[in-house]
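Student: this is the structure alone, sequence omitted:
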């Protein structure tokens, strides 16, 4: 699966009409410099050899050299990765929390005004361009109320959280909220959280529509099953029945959807990061587009693809763990 | 898929507009979405004759007082940093997006539908191979793939549309494939085969009409997605040149001006994108409920 994906990326980036070097220079004036760059990047070799080199390079974690500054792309991607991961995790949490909560509310008042209202909210979130929502938040909470920073990941004048340092042991995840806790610095934690809040809220809200819809239809069916009626008949509290009994059964499809939505989330992350100048993979990608840095873009696209594959694998494993029927 | 369901979905394609309103919420969704998108399309089409100023006229070039004006009686939606009338830009700015969406949906239909029909009907190795490629594209983050393709192809409406097409063909393929696989086992198709009908006839006359309702739903959703993807591509600077009025471009331009609190530069174009995407989404939502009323049934 990953292999097919990598090949598809290669075909799109190399075989489709369009010469990376020509694109990089935009004008075909400096022929000598162009030829030099071709040789330096190995683009003068036959296509099949390029393909073999590319695949073998990937296994070694080599994504080629940047056309902009000739430094290894893999390294640059690796340093930008934690920011995207942190944004992705918090956005997913917000999307699932908001989505599941509203979905449950919606299913409990099925076909009543509240249900319709929540459904319309779900459809509207789907239709909002994520960067537009981000800008509205920036206007409201940043420019207007001055409550939250409008961009960046951390205060430039303060050193980012260092993580855990005990003697020779150095442990840093690159996720600022976790690193600041490891460092035991609450001030930095609050600051990291402040910077993180608007971007992840933006991305989370845009994605929550799918979870609303899914939870609504699943809960609707689950709430009518016998075991729910039995639990109610035994006099359990309504919230216990809904969240402890019914939701647990309706949650498995939500997990699958989390895996599927992860790809969507990464796409949204590119736009969110651009909007909030969040220094992750998305910002890196967009910055490199402006430089027409072909290798860097190809590398980022490949990494996004691998990420999606890994997440879908993890979801499959989790699924088998949570649903014993699959293991049988 | 049972016979009943097919009967219902066939009914779905024949739905007259007048009875839509009688079909409860789903009907209203389709109707409202249709009116919303219709209005915006008409507005964009007639915009050359109704704009008060040229959408690209730099009114601030000779008169700095017309730069970044908040909404007022002369400029109901204000002006941007070069003194362009936002109201005119909002009226005319949907053109690129609509073209991109229409071209990409048509391209998806032309490529995706036959591909889905033939691969799933042929079965065997062909089906497996095509499915594998389609699944791997489908799993990929759509916008990122579109960025890669758009980068290779270069700027322009057609290229943007093509990059979106690459992303959405798998959606068509998957829907068609799953439907064809169940339909082709139905007795009436078997009967047609047994009667010696040509493969092509079976596909186009017997199977295709039953897949059509699902294709309509996918296409509506594709419209909404294409609008948002086109806006996203333009936002990160891979869309049309700045000289063309476009809501996505206005948004990316307006981002620079956010710090000054000039909300009007982004608010109105953004709202238009939402309304347009919302129109198609509502239509898609309503249509899929009308054509596949599984949830509704559960309630009775």
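Tutor: Arrived safely, thanks for sending. Owing to the predicted nature of the structure, the values given are computational and were not obtained by experimental measurement.
Student: what segments of chain A are strands?
Tutor: Along chain A, the stretches classed as strands by DSSP state E are A:164-166, A:169-171.
Student: report the secondary structure state of the closest residue to residue B:86 other than its chain neighbours.
Tutor: Spatial nearest neighbour of residue B:86, excluding adjacent residues (CB to CB, 6 or more residues apart in numbering or on different chains): residue B:77 at 3.9 Å. (C-beta placed from N, C-alpha, C; glycine too.) Following DSSP: H, G, I helix; E, B strand; the rest coil, we place residue B:77 in the coil state.
Student: wait, doesn't residue B:77 sit right on residue B:263?
Tutor: No: between residue B:77 and residue B:263 there is no contact under CB atoms under 8 Å: 10.8 Å.
Student: coming back round to it: burial count for the residue nearest to residue B:86?
Tutor: By the criterion of other CB atoms under 10 Å in any protein chain shown, residue B:77 has 21 neighbours.
Student: what does residue A:106 give?
Tutor: 26.
Student: contact partners for it?
Tutor: Applying CB atoms under 8 Å, 6 or more residues apart in numbering or on different chains, we find residue A:106 in contact with A:114-115, A:118-119, A:212, A:215-216.
Student: give me the buried positions along stretch B:82-101.
Tutor: B:82-101 (16 or more other CB atoms under 10 Å in any protein chain shown).
Student: now that stretch, how far from the centre of its chain.
Tutor: Relative to the centre of its chain, stretch B:82-101 is centred 18 Å away, using CA atoms, centre = their mean, to the nearest Å.
Student: residue ranges in the stretch 51-200 of chain B under the pLDDT threshold?
Tutor: The stretch 51-200 of chain B contains residues with pLDDT under 70 at B:60.
Student: for chain A, what are the nearby residues on the stretch 101-250 of chain B?
Tutor: Within the stretch 101-250 of chain B, the positions lying close to chain A (CB under 8 Å from any CB of the partner chain) are B:132-133, B:135-137, B:139-145, B:147-149, B:151-154, B:166, B:224, B:228, B:231-232, B:235-238, B:248.
Student: ok, of the residues you listed, which come out buried?
Tutor: Among those, the ones that count as buried by 16+ other CB under 10 Å are B:133, B:135-137, B:139-145, B:147-149, B:151-153, B:166, B:224, B:228, B:231-232, B:235-236, B:238, B:248.
Student: run the chain-centre distance for stretch B:50-57.
Tutor: On CA atoms, centre = their mean, the centre of stretch B:50-57 falls 27 Å from the chain's centre.
Student: kindly report the same for stretch B:186-199.
Tutor: With CA atoms, centre = their mean, you get 35 Å for stretch B:186-199.
Student: list the buried residues of that stretch.
Tutor: Buried, per 16+ other CB under 10 Å, within stretch B:186-199: B:186, B:189, B:192.
Student: which residues touch the last one?
Tutor: Applying CB under 8 Å, 6+ apart, one finds that residue B:192 lies in contact with B:201-202, B:206.
Student: quick one: it from residue B:228, how far?
Tutor: 41 Å (CB to CB, to the nearest Å).
Student: residue contacts, residue 122?
Tutor: In the absence of a named chain, chain A is used. A:102, A:208-210, A:212-213.
Student: that was the other one, I meant chain B.
Tutor: With CB under 8 Å, 6+ apart, residue B:122 has no contacts at all.
Student: going by neighbour count, list what's buried in stretch A:219-229.
Tutor: Result for stretch A:219-229 [16+ other CB under 10 Å]: buried residues A:219-223, A:228.
Student: list the residues that contact residue A:199.
Tutor: Listed by CB under 8 Å, 6+ apart, the contact set of residue A:199 reads A:87, A:91, A:134, A:272-273, A:275-276, A:278.
Student: ugh, wrong one, I meant residue B:52
Tutor: Residue B:52 makes contact with B:85, B:87-88 under the criterion CB under 8 Å, 6+ apart.
Student: could you single out the nearest of those to chain A?
Tutor: residue B:87 (18.5 Å; CB to the nearest CB).
Student: and that closest one, what helix or strand is that in?
Tutor: According to DSSP states H and E, residue B:87 maps onto helix B:86-92.
Student: quick check, distance from the helix or strand just after that helix to the centre of its chain.
Tutor: Going down the chain from helix B:86-92, the next helix or strand is helix B:95-122, by DSSP H and E. Chain-centre distance of helix B:95-122: 11 Å, with CA atoms, centre = their mean.
Student: helix B:95-122: which residues count as buried?
Tutor: B:95-101, B:103-105, B:107-109, B:111-113, B:115-121.
Student: try stretch B:202-210
Tutor: Using 16+ other CB under 10 Å as the test for burial, stretch B:202-210 gives B:202-203, B:206-208, B:210.
Student: got it, and stretch A:179-190?
Tutor: A:179-183, A:185, A:188-189.
Student: write out the residues of the stretch 51-200 of chain A neighbouring chain B.
Tutor: A:110-111, A:116, A:123-124, A:126-132, A:135-136, A:138-139, A:143-144, A:150.
Student: 7 Å instead, please
Tutor: By CB under 7 Å from any CB of the partner chain, the residues of the stretch 51-200 of chain A that approach chain B are A:110, A:116, A:123-124, A:126-129, A:131-132, A:135, A:138-139, A:143.
Student: where does the stretch 151-300 of chain A get nearest to chain B, which residue?
Tutor: residue A:267 (3.4 Å).
Student: number of nearby residues for that residue?
Tutor: 25.
Student: do the same with residue A:74
Tutor: 19.
Student: return a ChimeraX selection command for the buried portion of the residues of the stretch 51-200 of chain A next to chain B.
Tutor: Per 16+ other CB under 10 Å, the buried members of those correspond to this ChimeraX selection:
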select /A:110,123,126,127,128,129,131,132,135,138,139,143
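Student: from the residues of the stretch 51-200 of chain A next to chain B, which land in helices?
Tutor: Judged by DSSP state H, the subset of these located in helices is A:116, A:123-124, A:126-127, A:131-132, A:135.
Student: can you put these in CSV and add pLDDT?
Tutor: Below are those laid out as CSV (pLDDT from 0 to 100):
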residue, pLDDT
A:116, 84
A:123, 85
A:124, 87
A:126, 84
A:127, 87
A:131, 89
A:132, 89
A:135, 87
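Student: show me which of these is closest to residue B:36.
Tutor: residue A:127 (10.4 Å; CB to CB).
Student: contacting residues around that closest one?
Tutor: Counting by CB atoms under 7 Å, 6 or more residues apart in numbering or on different chains, residue A:127 makes contact with B:224, B:274, B:277-278, B:281.
Student: which SSE is residue B:233 in?
Tutor: Using DSSP H and E, residue B:233 falls in helix B:208-235.
Student: that helix: which residues count as buried?
Tutor: In helix B:208-235, counting by 16+ other CB under 10 Å, buried: B:208, B:210-235.
Student: quick check: which helices or strands does the helix holding residue B:87 pack against?
Tutor: helix B:24-50, helix B:263-291 (3 or more CB pairs under 7 Å, 6 or more residues apart in numbering or on different chains; DSSP states H and E).
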